[in-house]
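Chemist: When you get a sec, could you give me coordinates for this:
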Amino acid sequence: MVSDMPFGEQTASFTEEVTFPRLLGQTLALNESTYHQVERTGRIAIYEGPQSGMFEVIVIQVKPPGVCPSGAVVPFREVYPVAESWGTYGWTFTSASHPDPLQAARERVKGLVAGVVN
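Modeler: Got it, this is the predicted structure:
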């Protein structure tokens, strides 16, 4: 069984087959913009984009396999958080919000990894 909790441990019993999700790419094309992964710790990552010097800290979500209305099959996969979950699973850091947006993003990651989110 795989946990969908953002900071939870993924565990499986010895009788279950363990499968792993298709990983989120290091370079992503989202909403006609390109994002580049700066660093990743477990399911927490920093991406730069859509503009240079703009950083997004995300808690990578895991989605089960499924079938789209078109009939296309989508695999067990990691996904970028949706806009509606921003502030819970995603945060944006820019020079307008922080003197050093990358450092601020790294501090957010440290808080998330430590379990301290503010």
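Chemist: how near is the residue nearest the centre of the chain to residue 85?
Modeler: The residue lying closest to the centre of the chain (C-alpha atoms, centre = their mean) is residue 60, at 2.4 Å. Remark: distance between residue 60 and residue 85 (C-beta to C-beta, to the nearest Å) = 12 Å. The way it works is simple: take the backbone N, C-alpha and C, and place the C-beta from them, glycine included.
Chemist: what does residue 30 give?
Modeler: Between residue 30 and residue 85 the distance is 14 Å, computed by C-beta to C-beta.
Chemist: What of residue 35?
Modeler: Taking C-beta to C-beta as the measure, residue 35 falls 16 Å from residue 85.
Chemist: Pairing partners for residue 62 in the sheet, please.
Modeler: Under DSSP bridges, the beta-bridge partners of residue 62 are residue 78.
Chemist: Am I right that it is in contact with residue 20?
Modeler: No: counting by C-beta atoms under 8 Å, residue 62 sits too far from residue 20 to count as a contact (9.7 Å).
Chemist: List the residues that are in contact with both of those two.
Modeler: Residues touching both residue 62 and residue 20 (C-beta atoms under 8 Å, 6 or more residues apart in numbering) are residue 76.
Chemist: Looking at those two, which has the bigger crowd around it?
Modeler: Just comparing residue 62 and residue 20: by other C-beta atoms under 10 Å the higher neighbour count belongs to residue 62, 19 against 11.
Chemist: ok, residue 35 and residue 85, which is more surrounded?
Modeler: Neighbour tally, residue 35 and residue 85, criterion other C-beta under 10 Å: the higher count belongs to residue 35, 23 against 14.
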